[in-house]
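Q: sequence and predicted structure are below.
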2 protein chains.
Amino acid sequence: MSNIDMIRAAATRLEGHARRTPMLTSPFLDEIAGRRVLVKPECLQHTGSFKYRGGRSAVSALDPETRAKGVIAFSSGNHAQGVALAAREHGVPAVIIMPADAPRMKIDNTRALGAEVVLYDRAGGESREAIGDKLKAERDLTLIRPYDDPQVIAGQGTTGLEIAAQATEMGVTAGDVLVCCGGGGLTSGIAMALEADAPGLRARPCEPEGFDDVKRSLNSGHIETNNTQSGNICDAILTPAPGQMTFPILHRLCGPGIAVTEEDCLRAMALAFQRLKLVAEPGGAVALAAALFYGDEIEGDAVICTISGGNVDADLFQRALATYGGAE
Amino acid sequence: MSNIDMIRAAATRLEGHARRTPMLTSPFLDEIAGRRVLVKPECLQHTGSFKYRGGRSAVSALDPETRAKGVIAFSSGNHAQGVALAAREHGVPAVIIMPADAPRMKIDNTRALGAEVVLYDRAGGESREAIGDKLKAERDLTLIRPYDDPQVIAGQGTTGLEIAAQATEMGVTAGDVLVCCGGGGLTSGIAMALEADAPGLRARPCEPEGFDDVKRSLNSGHIETNNTQSGNICDAILTPAPGQMTFPILHRLCGPGIAVTEEDCLRAMALAFQRLKLVAEPGGAVALAAALFYGDEIEGDAVICTISGGNVDADLFQRALATYGGAE
């Protein structure tokens, strides 16, 4: 089980490797939100998302003999790149099982980071688990899960240590910290860090409308699932349900969830472009969208939000700008 | 005359106000350039460009009685916003003389930052100097020049102090520092900071092809001018000639200039989007373009470049992505 000591230990292992991303502000965003908005841009993290923190934390926590045999991960996107880079930095092999229809750029990036990418046919019914289990057994690889892994959660939690320190330095000691939420690794990690270092700040998961499994699970008190796992532009956070490890943490520490429309994500992407000079992917913009456009669900004079990633194709980014780039 | 002591004093005055922007890297950019590429993203600075540093430095250096009467600046863009924000933070009035045909967003932003914007008709032959002189005299305002001002140069030079420290920390102590160059305020300020704190690093001005007055001036040893001041997408750095104050510094300290095509700026903007998750404006992308595509004019295993600003309209950014967003 993850805890604050594991997060602090992960921070020590990540020192000099993960970037300490800045905390950004804009008077124009404050005006839209009607309160101070502090933005933690993990799109500036290595590999373009916070996932490098968890990948590096998990790979660096393995004992050297185990690690030397290599690691394996299932991912269509950001976790793939985070694990691939962490493995390369440790000089160990990484095998990433990716769907053949994953975005070309994400497959190319993962390969370019030195990983062996094994594609499977999602539509044809091939079981990625069967492929993965076979490779894992043959080569004695260690599986790095995207969120239900204590060292992955600890790595993502280092974002929360930075948020606590930066917000305190900027005079914000109470309020909501809005977090882009899929399986809950980032949200639960941040929540534990805030509990320890900034107890006046409360982590709140933000999700796309129709994929608000975490919000519903927090409301009902037990794990709820989404009906589908596709059909929304926020591809990075369309997970089936909160994790078995993350949910108890979320349930204990996190405030109510916020569900955001696709159009509001595109608007938030255009504003991140215009006001912060940042590239946010749709799933990485849900928390900023919540901060800007769902103010009546938020408390306090200031709000903090993550931009969790920026790995978006040019076509979709252009769509956001063409629709919302000229106006608020 | 500016010197390193003034830069250090400016850094003290800017502490807690200007952002210490990070130094970013990407293995994908390293591969394109054929050497390590370190990127200093001043697009993440307040107001979206490094100009806030110079504006804040100059306004904060005024004696309180003089400052209280207010400041005035001529600018169609980034300097306008930098001075406006600095004046607002000091609670003093700012008058900015802007051409009526300046980009709408830049006029709106300058007003939103609390400045009194006075528009003049560039095409109709109105003299902005006449308008400015009248206002200046009537209200006893202090003129803040965009680059030929020792305190402005000192403020921009704080970027160089950060580059020296960050590059040293990353193990880069020799090589070229490519700087987006208009009138030379940023380049000369960085050059003086490097001379003091990282003498193995050499500042080199980068300009758009056809507007390479600084490059030609460094070659000839005296101030050369451009024939025109428009007709290029790099609007932020289309100045007529190097400054009277900046040129002697550039001449003493800076290596040969590099001139970059508009198309290469657009390509660099697309790569900053894809690999750094940053928004660069065309004039802010000339140095990155030089680092990536003009490698035969560069020396060393590593190169450092500034992204000096990100205030670009959505239309032009979409053009960069539509043309170069899918490939390198």
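A: Perfect, thanks for sending it.
Q: near chain B, which residues of the stretch 51-200 of chain A are found?
A: Residues of the stretch 51-200 of chain A lying near chain B by CB under 8 Å from any CB of the partner chain: A:Met105, A:Asn109, A:Ala112, A:Leu113. Glycine gets a C-beta too; all of them are placed from N, C-alpha and C.
Q: neighbours of the second one, how many?
A: Translated: A:Asn109. Counted by other CB atoms under 10 Å in any protein chain shown, the residues lying close to A:Asn109 total 25.
Q: where do the helices sit along the stretch 151-300 of chain A?
A: Under the criterion DSSP state H, counting those that start in this stretch, the stretch 151-300 of chain A carries helices at the ranges A:185-197, A:213-220, A:246-253, A:262-271, A:286-293.
Q: nearest to B:Leu250, out of those helices?
A: helix A:262-271 (37.5 Å; CB to CB).
Q: I figured A:Gly185 was touching A:Gly243, is that so?
A: Yes: counting by CB atoms under 8 Å, A:Gly185 does reach A:Gly243; the two are 7.2 Å apart.
Q: find residues that contact each of these two.
A: Here A:Gly185 and A:Gly243 share the contacting residues A:Tyr147, A:Asp148, scored by CB atoms under 8 Å, 6 or more residues apart in numbering or on different chains.
Q: tell me if A:Arg111 really is in a strand.
A: No: counting by DSSP: H, G, I helix; E, B strand; the rest coil, A:Arg111 is not part of a strand but helix.
Q: show me what contacts it?
A: Residues counted as contacts of A:Arg111 (CB under 8 Å, 6+ apart) are A:Val117.
Q: ditto for the one 10 residues further on
A: The contact partners of A:Asp121, taken as CB under 8 Å, 6+ apart, are A:Pro99, A:Ala100.
Q: 6 Å - rerun?
A: A:Ala100 (CB atoms under 6 Å, 6 or more residues apart in numbering or on different chains).
Q: just the pLDDT for it.
A: Looking at A:Asp121, its pLDDT is 85.
Q: widest-spaced pair of the residues of the stretch 51-200 of chain A next to chain B?
A: Every pair of those checked by CB to CB; the farthest is A:Met105 and A:Leu113, at 12.3 Å.
Q: more neighbours: those two, which one.
A: Taking other CB under 10 Å, A:Met105 and A:Leu113 do not tie; A:Leu113 has more neighbours (24 against 16).
Q: distance of the more buried one relative to B:Gly34?
A: Using CB to CB, to the nearest Å, A:Leu113 is found at 18 Å from B:Gly34.
Q: now A:Asp313
A: Distance from A:Asp313 to B:Gly34, counting by CB to CB: 27 Å.
Q: please name the nearest non-neighbouring residue to the residue in the stretch 1-150 of chain A positioned nearest to chain B.
A: Going by CB to the nearest CB, chain B is nearest to A:Cys43 of the stretch 1-150 of chain A, at 4.2 Å. In space, and not counting its chain neighbours, A:Cys43 is closest to A:Gly310: 3.1 Å by CB to CB, 6 or more residues apart in numbering or on different chains.
Q: re the thing from before, pick out whichever of A:Asp313 and B:Gly34 has more residues nearby.
A: When A:Asp313 and B:Gly34 are compared for neighbours, A:Asp313 comes out ahead with 17 against 13, by other CB under 10 Å.
Q: so for the more buried one, what's the pLDDT?
A: 90.
Q: against A:Ala203, how distant is it?
A: Distance, A:Asp313 to A:Ala203, using CB to CB: 29 Å.
Q: and A:Ala272, by the same measure?
A: A:Ala272 is 21 Å from A:Ala203, by CB to CB.
Q: can you check A:Thr187 too?
A: 6 Å.
Q: coming back round to it: so which of the residues of the stretch 51-200 of chain A next to chain B comes closest to A:Val279?
A: Among these, A:Met105 lies closest to A:Val279 (CB to CB), at 12.9 Å.
Q: mutual contacts of A:Thr187 and A:Ala203, please.
A: Residues touching both A:Thr187 and A:Ala203 (CB under 6 Å, 6+ apart) are A:Val179.
Q: nearest residue to A:Ala123 other than its sequence neighbours?
A: Closest to A:Ala123 by CB to CB, 6+ apart is A:Asp101, at 7.2 Å.
Q: now A:Glu281
A: Computed as CB to CB, 6+ apart, the closest residue to A:Glu281 that is not its neighbour in sequence is A:Val312, at 3.8 Å.
Q: count of neighbours near that neighbour?
A: 29.
Q: is it located within a strand, as I assumed?
A: No: judged by three-state DSSP, A:Val312 forms no part of a strand; its state is coil.
Q: hang on, it packs against A:Ala280?
A: No: the criterion here is CB atoms under 6 Å, and A:Val312 misses it with A:Ala280 at 7.4 Å.
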